[in-house]
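Colleague: Here is a sequence with its predicted model. Questions after.
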Amino acid sequence: NEDNQVYVTNDSNGLQLYDLVSQETTDILNWLDYDINGDNVYIVTELEDGRILAYCESYDEEKTTYEIITLTETDEPLEAKTVLTYATFGTDSQITDAIIRFNKNSEDYRIEVVDYYDSEDYEAGLDAFNEALLNGEYADLINVSWDNYNTYASKGLYVDLNTLIDEDSDINREDYFENVLNAFEIDGKLYAMPTSFSLSTLAGKSSIWGDTQTLTTQKISEVVKKAGDDAELINYGTKSDWLNLSLQGSMNRYINWETGECSFDSEEFIAVLELANLLPAESNWEEGDVSAPKKIQAGKLLLNGEYFNSITDYQVTKAVFGEDVAFLGYPDATGSGTLINGADNLIAISEDSEYKDAAWEFIKYMISEEYQCNYINWYNPIHKAAFAENMEQAAEITTYKNDDGEEIEAPHMTYGWEDFETSVYHATEEDIAEYTALVEGADTLASQEEGIFSIISEEVEPFFAGQKSAEEVAGIIQSRVNIYVNESR
């Protein structure tokens, strides 16, 4: 403008005014306060009469929406609504759009976002978020995807959503994947609602693993001995890599969050440490090595980590292996099975909130059939009707005519990994049945306890270096984690 100031919108949060002379920046507005998704803002300018004009584009699977929005400064008060606070460490377009729709449709409430994410200092932002939760700083809704879920839930910070589900005649549990909801429970209480989920598992050739359904330490030892010295258990895997994989599904086996008791000095955990110690201390990658896909197909890579956000990922895995695949879960003494991961938004209601009913209405909207069918695009929806709709879409066959006039099936997508490429076509009935069975059979939540992972990683090093026995290290881990868990309760 004439005052040597430039409007800048350098992130999705808001609009600033930058002075070219003083080089100072002034915050003008937060897009979300005006029910605008900042991710969709492409052009901003000031009109001659002082109004701010924004050009926006938004996309979904069916269409692109174009909007021109003008904002007019006014002394008239905005429509009074009760404000709910949504605390989060980072946000995305999906939750932003959901909040905008809720704010527009609710006559009595609006949600304001407090985002602790700091693009310049990630750790500082995360520490501030965790500190705010522990200190009970006010928030009605909390995205707990980034926190130590078990630790904070055991402190009684969150509402048991099972009580709200049971009291709400609009919600029928049978409409949802109850195994997924159950996986997020702690001692029978659901402290946070996943709006979507993914699966994670280690996969191997059925010809190698047979009809094994889980990765027990005993079975792994048998397969490794039989495979020979030129076979890898996991791709360039180290002792630490394997230990982390082992703890993904078994961490809560060693902790009773209700009583605070731990069992990291058990024979079961010691066996996990000893198996991890069989792997190399450092990755043995070298330039020109055989690619991971080729090692898998040759039976020289025994296990590979797989993540399933949708049935398409499952189809890709089958194509990579090129033969029957065993989905084995994660390793521990008894086997954990395929794990459930909360996707981007795992939402809790603060026990201290004055507006629990209004907060529940927002969660209800996020898990409604309408929302799940229309807006959960990148992960598995928790609503069965939306999941079934996704399966129907995956089974659709689209065609085109080649230069000779022949009808050819068009791929849903193409995929490349190192020197491997494949096209994914429609999902068959077999694909859908297998993937649905995998989803319905998963019952364990992947561990999120970063504080405990850090303790174990630190204390296990003397064992990996040959300076202490597995029993000694397990005893030290038992002591430290026991203190950590009970101080956190």
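Modeller: On my side now, so go ahead.
Colleague: CA only for contacts and neighbour counts going forward, please
Modeller: OK.
Colleague: and the closest residue to Ala227 other than its chain neighbours, how far is that from Lys226?
Modeller: Spatial nearest neighbour of Ala227, chain neighbours left out: Lys300 (7.9 Å); criterion: C-alpha to C-alpha, 6 or more residues apart in numbering. Separation of Lys300 from Lys226 (C-alpha to C-alpha, to the nearest Å): 12 Å.
Colleague: Which residue of those two possesses the greater neighbour count?
Modeller: Remark: of Lys300 and Lys226, Lys300 carries more neighbours, 20 against 11, as counted by other C-alpha atoms under 10 Å.
Colleague: need the contact list for that one.
Modeller: Ala227, Asp230, Ala231, Glu232 (C-alpha atoms under 8 Å, 6 or more residues apart in numbering).
Colleague: Do you know the pLDDT at it?
Modeller: We have a pLDDT of 92 for Lys300.
Colleague: quick one, phi psi at it?
Modeller: With angles defined as degrees, to the nearest 10, Lys300 sits at phi -100, psi -10.
Colleague: Kindly report the same for Glu178.
Modeller: phi -70, psi -30.
Colleague: That one and Leu273: what is the separation?
Modeller: Distance from Glu178 to Leu273, by C-alpha to C-alpha: 33 Å.
Colleague: and these two? which has more neighbours close in?
Modeller: For Glu178 versus Leu273, neighbours defined as other C-alpha under 10 Å are more numerous around Leu273 (25 against 15).
Colleague: before we move on, which element is that one in?
Modeller: For Leu273, the element it lies in under DSSP states H and E is helix 267-276.
Colleague: Name the surrounding residues that touch that helix.
Modeller: With C-alpha under 8 Å, 6+ apart, helix 267-276 has contacts from 217, 221, 238-240, 242-243, 246, 263-264, 332-333, 470-471, 474.
Colleague: moving C-terminal of that helix, what's the next helix or strand?
Modeller: That would be, after helix 267-276 and using DSSP H and E, helix 292-297.
Colleague: Are there helices or strands packed against that next one, and which ones?
Modeller: helix 311-321 (3 or more C-alpha pairs under 8 Å, 6 or more residues apart in numbering; DSSP states H and E).
Colleague: Just the terminal-to-terminal distance for stretch 400-413.
Modeller: 15 Å.
Colleague: What are the contacting residues of that stretch?
Modeller: Ile397, Thr398, Thr399, Ser423, Val424, Tyr425, His426.
Colleague: Let me have these in CSV, adding distance to Val21 and neighbour count as columns.
Modeller: Listed next are those as CSV, based on distance: C-alpha to C-alpha, whole Å; neighbours: other C-alpha atoms under 10 Å:
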residue, distance to Val21, neighbour count
Ile397, 59, 14
Thr398, 57, 13
Thr399, 59, 12
Ser423, 54, 14
Val424, 55, 17
Tyr425, 57, 20
His426, 58, 21
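Colleague: Tally up the residues packed near Glu323, please.
Modeller: Based on other C-alpha under 10 Å, the number of other residues close to Glu323 is 12.
Colleague: So it is in contact with Ile208, correct?
Modeller: No - if you go by C-alpha atoms under 8 Å, Glu323 and Ile208 don't touch, sitting 11.2 Å apart.
Colleague: Got phi/psi on Cys262?
Modeller: Torsion angles, degrees, to the nearest 10, at Cys262: phi -130, psi 160.
Colleague: now swap in the one 4 residues further on and tell me
Modeller: Per-residue torsions, Ser266: phi -80, psi 160 (degrees, to the nearest 10).
Colleague: what's the answer for Ser447, then?
Modeller: Residue torsions, per degrees, to the nearest 10, at Ser447 are phi -70, psi 140.
Colleague: Is the residue nearest to it when sequence neighbours are not counted in a helix, a strand, or coil?
Modeller: Leaving aside its sequence neighbours, Ser447 sits nearest to Gln248 (C-alpha to C-alpha, 6+ apart; 5.2 Å). Remark: Gln248 carries the secondary structure label helix [criterion: DSSP: H, G, I helix; E, B strand; the rest coil].
Colleague: ok, whichever strand in the chain runs longest: who's next to it in the sheet?
Modeller: Identified as the longest strand of the chain according to DSSP state E is strand 196-205. Next to strand 196-205 in the sheet, as set by DSSP bridges, lie strand 304-308 (antiparallel), strand 325-329 (antiparallel), strand 339-342 (antiparallel), strand 380-381 (antiparallel).
Colleague: looking at these, which is closest to Thr151?
Modeller: strand 339-342 (16.4 Å; C-alpha to C-alpha).
Colleague: List the contacts of the next helix or strand after the closest one.
Modeller: Per DSSP H and E, strand 339-342 leads on to strand 346-349 as the next helix or strand towards the C-terminus. By C-alpha under 8 Å, 6+ apart, the surrounding residues in contact with strand 346-349 are 140-145, 158-159, 191-195, 356, 359-360, 363.
Colleague: which ones among those residues are found in strands?
Modeller: Using DSSP E, these in strands are Leu141, Ile142, Asn143, Met193, Pro194.
Colleague: and the last one, what does it touch?
Modeller: Which is Pro194. Contacts of Pro194 by C-alpha under 8 Å, 6+ apart are Leu181, Gly342, Ala343, Asn345, Leu346, Ile347, Ile382.
Colleague: so what's the spatially closest residue to Leu157 that is not a sequence neighbour up against?
Modeller: Among residues not flanking Leu157 along the chain, Glu351 sits closest, at 5.5 Å (C-alpha to C-alpha, 6+ apart). Taking C-alpha under 8 Å, 6+ apart as the criterion, Glu351 is in contact with Gly156, Leu157, Tyr158, Val159.
Colleague: Just name the closest of those residues to Leu202, please.
Modeller: So of those, ranked by how close each gets to Leu202 (C-alpha to C-alpha), first place is Tyr158, at 32.5 Å.
Colleague: what pLDDT does that closest one get?
Modeller: Value for Tyr158, per-residue pLDDT: 92.
Colleague: hang on, the earlier thing: look up how far Tyr138 lies from the residue nearest to Leu157.
Modeller: 10 Å.
Colleague: now do Lys300
Modeller: 53 Å.
Colleague: for Leu438, same thing?
Modeller: Distance from Leu438 to Tyr138, by C-alpha to C-alpha: 39 Å.
Colleague: isn't Arg480 right up against Ser454?
Modeller: No - counting by C-alpha under 8 Å, Ser454 is not a contact partner of Arg480; they are 10.9 Å apart.
Colleague: which one of the two has more residues nearby?
Modeller: For Arg480 versus Ser454, the count of surrounding residues by other C-alpha under 10 Å is larger for Arg480: 16 against 10.
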